[in-house]
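> sequence-free structure coming up:
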């Protein structure tokens, strides 16, 4: 898509504008709106992809921690889990489209930005994030999501468990690392790619060791019979002899009752 749009934009730029510096690619809008920069479109697409990916990945991480902690999830969470995973995948695709668009745009408008060490570090992190997501969907989720009502790693091999924990650490750290690199313009041209990737790698290893330690702690508690009781929202609701409330009854009855005197007045009308 980027390869098709940019040549059209280059043709649309007048020769005099092409000789001017700096070059700015724009798209015309109907009057009275001014032309919009192509960079603005790519930034918007990048932010949408980041919202989908970072928000969905954070939600999945919280669910995973809760699942490990309580030993089970409500059955309906399994479909939601898979749906949010697809949303995260859409976010990664949008990041790649907008990211490649940035590279193509920089080569035209400001080629000096392509030598920014932070740009290469972010590209490598997103590449690892993409491969990690493919690994999770192909090898981990099918075995882990068989039954969310049971403990997460029950019946799962130790190798698959370790792969899952490491993949979760890579996912969580990488999304926030990509977010931080995109946000912090102060790093442009000042910090080397090697240093940024080293910090990212240290954070991934720390997160993976923390997840493994937490898993071992839960195993020890389970062996001692001290596992936490099921979470209240994962147990079936018990209303006793009274029927369950109507789903549309969101406001307490005391706030919806009409005084008897008012009812008589209405009736007399």
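Great, that's in hand. These figures come from a predicted structure and were not determined experimentally. Residues are numbered from 1 along each chain as shown.

> Run a quick neighbour tally on residue 87.
Counted with other CB atoms under 10 Å, the neighbours of residue 87 add up to 17. Using the backbone N, CA and C atoms, a C-beta is placed for each residue, glycine as well.

> And the helices in the protein?
With DSSP state H, the ranges of helices along the chain come out as 2-12, 15-19, 38-70, 77-109, 117-135, 141-144, 158-183, 193-223, 253-256, 260-268.

> Mean pLDDT for these - can I get that in a markdown table?
Shown next, in a markdown table, are the helices of the chain (pLDDT from 0 to 100):
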| stretch | mean pLDDT |
| --- | --- |
| helix 2-12 | 40 |
| helix 15-19 | 42 |
| helix 38-70 | 89 |
| helix 77-109 | 90 |
| helix 117-135 | 92 |
| helix 141-144 | 70 |
| helix 158-183 | 88 |
| helix 193-223 | 89 |
| helix 253-256 | 40 |
| helix 260-268 | 45 |
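
> Kindly present those helices as JSON lines, with separate columns for distance to residue 30.
Conversion of these to JSON lines gives the following (distance: least, CB to CB, whole Å):
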{"stretch": "helix 2-12", "distance to residue 30": "16"}
{"stretch": "helix 15-19", "distance to residue 30": "21"}
{"stretch": "helix 38-70", "distance to residue 30": "16"}
{"stretch": "helix 77-109", "distance to residue 30": "23"}
{"stretch": "helix 117-135", "distance to residue 30": "34"}
{"stretch": "helix 141-144", "distance to residue 30": "46"}
{"stretch": "helix 158-183", "distance to residue 30": "31"}
{"stretch": "helix 193-223", "distance to residue 30": "43"}
{"stretch": "helix 253-256", "distance to residue 30": "49"}
{"stretch": "helix 260-268", "distance to residue 30": "54"}
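
> Which of those sits closest to residue 152?
Smallest distance to residue 152 across the helices of the chain (CB to CB): 4.9 Å, for helix 38-70.

> Show me what that closest one is packed up against.
On a contact count with 3 or more CB pairs under 8 Å, 6 or more residues apart in numbering; DSSP states H and E, helix 38-70 meets helix 2-12, strand 26-27, helix 77-109, helix 158-183, helix 193-223.

> buried ones in it?
38-39, 41-42, 45-46, 49-50, 52-54, 56-57, 60-61, 63-64, 66-68, 70 (16 or more other CB atoms under 10 Å).

> quick revisit: arrange the helices and strands packed on helix 38-70 in a markdown table, one row each, with distance to residue 138 as further columns.
Converted to a markdown table, these look like this (distance: least, CB to CB, whole Å):
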| stretch | distance to residue 138 |
| --- | --- |
| helix 2-12 | 27 |
| strand 26-27 | 39 |
| helix 77-109 | 12 |
| helix 158-183 | 11 |
| helix 193-223 | 20 |
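
> Give the buried residues for stretch 179-198.
Under the neighbour-count criterion of 16+ other CB under 10 Å, stretch 179-198 has 181, 182, 187, 191, 193, 196, 197 buried.

> quick one: terminal-to-terminal distance for that stretch?
End-to-end distance of stretch 179-198: 17 Å, with CA to CA, to the nearest Å as the criterion.

> Name the residues that touch it?
46, 50, 54, 115, 116, 117, 118, 120, 121, 122, 124, 125 (CB atoms under 8 Å, 6 or more residues apart in numbering).

> So which of those is the closest to residue 163?
Taking CB to CB as the measure, residue 163 lies nearest residue 125 of the contacts of stretch 179-198, at 19.4 Å.

> got a list of what that closest one touches?
Counted by CB under 8 Å, 6+ apart, residue 125 has contacts 174, 177, 178, 181, 197, 200.

> thought the third one was touching residue 129?
Spelled out, it's residue 178. Yes. If you go by CB atoms under 8 Å, residue 178 and residue 129 touch, sitting 6.9 Å apart.

> list the residues that contact both of these two?
By the contact definition CB under 8 Å, 6+ apart, residue 178 and residue 129 are jointly contacted by no residue.

> quick revisit: what would the contacts of residue 125 look like in a markdown table with distance to residue 89?
Compiled in a markdown table, the contacts of residue 125 are given as follows (distance: CB to CB, whole Å):
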| residue | distance to residue 89 |
| --- | --- |
| 174 | 14 |
| 177 | 19 |
| 178 | 15 |
| 181 | 21 |
| 197 | 24 |
| 200 | 21 |
